[in-house]
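J.: predicted model and sequence below, questions to follow.
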Amino acid sequence: MPHVLKSNTAIVTGAASGIGAAIAEAYAAEGADLVLADLDRDGAERTAARAREFGVRASAVQVDLTDAKATEKLVAEAETTLGHIDILVNSAGMLTEVPLIEMPVRTWDEMIAADLRSVFLCCRWTAPRMVRRGTGRIINIASQLGIKGGEGLVHYSAAKAGVIGLTKALARELAPSGVLVNAIAPGPIETPLVDGISADWKQAKQAELPLGRFGVPAEIAPSAVLLAGNPSGNLYVGQVLGPNSGDVMP
């Protein structure tokens, strides 16, 4: 079968590990050239090395995605490296657990910056380039907790709800220009991101899932391939796909 993303290019953030790394490898397997962004340079380079095994171009960039100037530079240099940007995947983020009544303001601000501001910034600098070309796909990684909320995760739930709202509004703005914006809202996934969550929380969450288990990153990546593909993603506009073990059933 032909590679569904051959001749496509993509920026993938949060590509050093977890869902971002899985998406990057899935895109490489389908023929896409990649720029992989993360604070963890070594992790991003390891992902890039695995991607290059598929015969595609893949480079790693260390960047603070909460910094406006650094993110603008990332997108500009990615466009130079790749020639153009067909796909943007916003997968970078963080996850901490603390009840709101104990939450330092700094913890709230850090979460909103990492999980929502970074998405806005990458969209802000990439979308105009896609609009000028009349084509593009933006895929934002949200969470089912942005739909239903989670105890001890008010800041995370709020940030991911913001990602969903941003996705839907931006989809309306950009679809007439040929740029399709969608989100994926995974359930709990076995990634380094969940290492900071208590064992009690994870055990209770697993028990309430209809599927009875957390997912793994490789089970999320196919949704990102679908949304990026032609014709598979052509009619998805402002949608929130939910590979979440049955935790949310819209």
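T.: Thanks, I have it. Residues are numbered from 1 along each chain as shown.
J.: for the lowest-mean-pLDDT helix or strand in the chain, give me every contacting residue.
T.: Least confident helix or strand, the chain: helix 199-208 with a mean of 86, by mean pLDDT, DSSP states H and E. Defining contact as Cβ atoms under 8 Å, 6 or more residues apart in numbering, one finds that helix 199-208 is touched by 97, 151-152, 188, 194, 212-214, 247. Using the backbone N, CA and C atoms, a C-beta is placed for each residue, glycine as well.
J.: what's the neighbour count on residue 104?
T.: Residue neighbour count, defined by other Cβ atoms under 10 Å, stands at 9 for residue 104.
J.: now for the helix of greatest length in the chain, which elements pack on it?
T.: Criterion DSSP state H: the longest helix present in the chain is helix 154-174. Contacts defined by 3 or more Cβ pairs under 8 Å, 6 or more residues apart in numbering; DSSP states H and E place helix 154-174 against helix 105-112, helix 118-133, strand 136-141, helix 145-148, strand 179-184, strand 240-241.
J.: how about residues contacting it?
T.: So helix 154-174 is in contact with 90, 93, 95-96, 98-100, 103, 107-108, 111-112, 114-116, 119-120, 123, 127, 130-131, 136, 138, 140-143, 145-147, 149-150, 180-183, 185, 237-238, 240, going by Cβ under 8 Å, 6+ apart.
J.: got the buried residues for that helix?
T.: 154-164, 166-168, 170-171, 174 (16 or more other Cβ atoms under 10 Å).
J.: and the angle from that helix to strand 136-141?
T.: Angle between the axes of helix 154-174 and strand 136-141 is 160 degrees (criterion: axes from the mean of the first three to the mean of the last three Cα atoms, to 10 degrees).
J.: which of the three states applies to the residue of the chain positioned farthest from its centre?
T.: The C-alpha centroid of the chain is most remote from residue 101, which lies 29.1 Å away (Cα atoms, centre = their mean). State at residue 101, reduced to three classes by DSSP: H, G, I helix; E, B strand; the rest coil: helix.
J.: wait, what's in contact with it?
T.: By Cβ under 8 Å, 6+ apart, no residues touch residue 101.
J.: tell me the spacing between it and residue 152.
T.: 11 Å (Cβ to Cβ, to the nearest Å).
J.: with residue 40 instead?
T.: 25 Å.
J.: ok, now residue 223?
T.: According to Cβ to Cβ, residue 223 and residue 152 sit 27 Å apart.
J.: who's in contact with the strand or helix carrying residue 69?
T.: Applying DSSP states H and E as the criterion places residue 69 in helix 68-82. Helix 68-82 has contacts (Cβ under 8 Å, 6+ apart) with 9, 11, 33, 35, 37, 57, 59, 61, 63-65, 85, 118, 121-122, 125-126, 129.
J.: just stretch 225-235 next, same as before
T.: Residues outside stretch 225-235 that contact it (Cβ under 8 Å, 6+ apart): 4-5, 8, 10, 23, 26-27, 30, 32, 86-87, 137, 139, 180, 182, 184, 236, 241.
J.: dump the residue contacts of the most centrally placed residue in the chain.
T.: Nearest residue to the geometric centre of the chain (Cα atoms, centre = their mean): residue 91, 2.3 Å. Contact partners of residue 91, counting by Cβ under 8 Å, 6+ apart, are 12-15, 18-20, 23, 141.
J.: buried members of those into PyMOL, please.
T.: Remark: buried members of the contacts of residue 91, expressed as a PyMOL selection using 16+ other Cβ under 10 Å:
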select buried, resi 12+13+14+15+18+19+20+23+141
